[in-house]
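> build me a model from this:
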Amino acid sequence: MEITDLTPAERRVWRAFPFDEGVDFREGADDDPDDDPQDGGSWGPERTIRAEVLRALLLDGPTRDGEVAGLKVRGARITGELRLKYGVIEHAVRLRSCHFERTPQLYGARLRVLVLSGSALPGLTAGALHTEGVLRMSRCRVTGPIRLAGAQITGGFFLDGARLGHPDDRREEPLLQLNHAAVGADIRAEGLVAHGRIRLDETTVTGQVNLDDSELHAPGGTALQAEKLSVGNDLRAMRLRTHGRVNLSGARVPGHLSFVYARLSAPGGQALRASSCVIGELWFREAARIEGDVNLRRSQIDLLHIRPEVWPDRVRIDGLGYRSLAPHLPAEERLPLLEREKEGYLPASYEQLATAYRTAGDEAAARTVQLAKLRRHRRTLPRYARAWGHLQDVTVGYGFRPLRAAGWLVALLLTGTLAFALHHPRPLKSGEAPDFNPVFYTLDLLLPIVGFGQEGAFAPRGGYQWLSYLLIVTGWILATTTVAGVSRSLSRQ
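Numbers count the residues shown, from 1 in each chain. So this is what the prediction gives:
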């Protein structure tokens, strides 16, 4: 392409290219509403550049010895289709605050740096893109899909402040397709607003993913789909607002997964799916109550920071493992969650909660959880088995309340002592029986193993005989339930 074929605006860009000089077509300040790229379709020829001119510059533009060439344009209207498919671009491409009439085609292209910050685009097709530096789309306004599947971005990917899609658009295709991609630094998308699905399946990010203050809207669908996402550090989502499912199934986040002050909403559906994940610390501090189901099945978490009131009505936590819980609360406040398990009674969930309390050194809370587990299990048993369970619960709390047995024994001992002190039973053999002692006679009846020589020497009659039978049976029940409880405790330890 000859320079004589160019418009005055294109000549400015052509002459600046060999020296990597910037060309700014904007007429006012950075925040001038008249320079809004979304309205760039009305910009005149003095700000218009044909996409074919940019393509010619990038693929075979003029260079100068001793100078580093580069494309650096602000505030231009770019007409036509910028086709760089499979192209190898040796120069930095920076097209800030520009208006693109058609979707740039960069599939399989290799670039040093691509900067589109502040621009308005109908979409971006750049699957399998390779960049040696960053890909910047900060504050972009993109109405169509951004296709970056399989991209290799050596630097970071920046989407902070971007606006993707339109509230009235209900397209099935994800708005951002960054699946099976590799990002050598961070993905930064603070303040992102997206009206459609964000897809990060099987993407590897060496640094962190930052979605602080973002809003993801996909009512009735999936707002964030990031199955098997692998993050080097943290996944930050502080003050995140979602309308639709967040799917992190199989994700690996060794640092913090932070939903601090977040609001996750998917009424009637699944608000958060984080099954089979490996997470360092999962934080829901000061988060709003989750609207929709939560699935954390088979995930492994070092620290789970969440208050009971944040959990929704239905959860799936089968196989969930965590080392510690925060904040530290009484077991009675944590136990209702286990009643909300969609699969019903899960013994392992109670054991996991008890283990977390033991890790924190709270043995009393751990025993409370174990007792709640046995009571919940009792509801699954046949009626006859439930009766025996109720008896163990009332008497010794399944072995977790040993003082109850002592209380029962003292009460029965006082009852028997008083009764037999008022009415001595007759001796079986006169002259051979020891002196009657109502205390030790009652103990002889209650304690099935220890003997004081009283029980075999005296025989009560009438109602006192029935009282002696009651003491014997009760003593055996207390002894049996106490031994069962102690054995259960020893087996757990």
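
> ok, for Asp362, nearest residue in space, not its chain neighbours?
Leaving out its chain neighbours, the residue that sits closest to Asp362 by Cβ to Cβ, 6 or more residues apart in numbering is His328, at 7.3 Å. C-beta coordinates here come from the backbone N, C-alpha and C atoms, glycine included.

> and what of Glu67?
Distances taken as Cβ to Cβ, 6+ apart place Phe19 nearest to Glu67, at 5.3 Å, with adjacent residues excluded.

> if we can go back for a sec, what separation is there between the residue nearest to Asp362 and Arg307?
Between His328 and Arg307 the computed distance is 11 Å (Cβ to Cβ, to the nearest Å).

> between these two, point out the one with more neighbours.
When His328 is set against Arg307 and neighbours are counted by other Cβ atoms under 10 Å, the residue ahead is Arg307, at 16 against 13.

> so what's the more buried one closest to, chain neighbours aside?
Nearest residue to Arg307, sequence neighbours excluded (Cβ to Cβ, 6+ apart): Pro327, at 6.9 Å.

> I figured the one you found hits Ile306, correct?
No. The criterion here is Cβ atoms under 8 Å, and Pro327 misses it with Ile306 at 9.0 Å.

> looking at the two, which one has more neighbours?
Ranked by neighbour count (other Cβ under 10 Å), Pro327 and Ile306 place Ile306 first, with 20 against 8.

> residues contacting that one?
By Cβ atoms under 8 Å, 6 or more residues apart in numbering, the contact set of Ile306 is 282-285, 287, 325.

> just the element for Leu412, please.
Following DSSP states H and E, the helix or strand that holds Leu412 is helix 402-422.

> distance-wise, check the most centrally placed residue in the chain relative to Leu414.
Centrality entry for the chain: nearest residue to the mean C-alpha point is Ala274, 5.4 Å, by Cα atoms, centre = their mean. The gap separating Ala274 from Leu414 is 57 Å, by Cβ to Cβ.

> which intervals of the stretch 351-493 of the chain have sub-threshold pLDDT?
Residue ranges of the stretch 351-493 of the chain with pLDDT under 70: 388-406, 431, 481-493.

> how about Arg252, nearest residue that isn't a chain neighbour?
Ser230 (4.6 Å).

> hmm, I typed the wrong one, I wanted Pro104.
Leu82 (4.2 Å).

> who touches Arg298 in this structure?
Contacts of Arg298 by Cβ under 8 Å, 6+ apart are 275-276, 318-320.

> what bits of this structure have low per-residue confidence?
In the predicted model, the chain carries pLDDT under 70 at residues 1-4, 28-34, 388-406, 431, 481-493.

> all helices for it, in order.
8-16, 51-60, 331-339, 347-359, 363-378, 383-396, 402-422, 438-446, 463-492 (DSSP state H).

> which other residues reach the first one?
It stands for helix 8-16. Contacts of helix 8-16 (Cβ under 8 Å, 6+ apart): 3, 6, 22-23, 25, 45-50, 53-54, 57, 61-62, 71-73, 76.

> now do 7 Å
By Cβ atoms under 7 Å, 6 or more residues apart in numbering, the residues outside helix 8-16 that reach it are 3, 6, 22-23, 25, 45-50, 53, 57, 73.

> so what's the gap between stretch 147-166 and the chain middle?
Centroid separation between stretch 147-166 and its chain, computed with Cα atoms, centre = their mean, to the nearest Å, is 23 Å.

> alpha carbons only: can I get that stretch in CSV?
Taking Å, rounded to 0.1, in the frame of the first residue of the first chain, the C-alpha atoms of stretch 147-166 are listed here in CSV:
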residue,chain,number,x,y,z
ARG,A,147,-13.3,-15.7,21.8
LEU,A,148,-9.9,-16.5,23.4
ALA,A,149,-10.1,-20.3,23.8
GLY,A,150,-6.7,-21.8,23.8
ALA,A,151,-4.9,-18.5,24.0
GLN,A,152,-1.4,-18.3,25.3
ILE,A,153,-0.9,-15.0,27.1
THR,A,154,2.6,-14.7,28.5
GLY,A,155,1.8,-11.6,30.5
GLY,A,156,-1.4,-10.7,32.3
PHE,A,157,-5.0,-10.4,30.9
PHE,A,158,-6.7,-7.2,32.0
LEU,A,159,-10.5,-6.7,31.9
ASP,A,160,-10.9,-4.3,34.8
GLY,A,161,-13.9,-2.0,34.4
ALA,A,162,-15.0,-3.7,31.1
ARG,A,163,-18.6,-4.0,30.1
LEU,A,164,-19.5,-7.1,28.2
GLY,A,165,-22.8,-7.9,26.5
HIS,A,166,-26.2,-6.2,26.9
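
> start the count at 54 instead of 1 going forward.
Sure thing, new numbering starts at 54, so read that last one as stretch 200-219.
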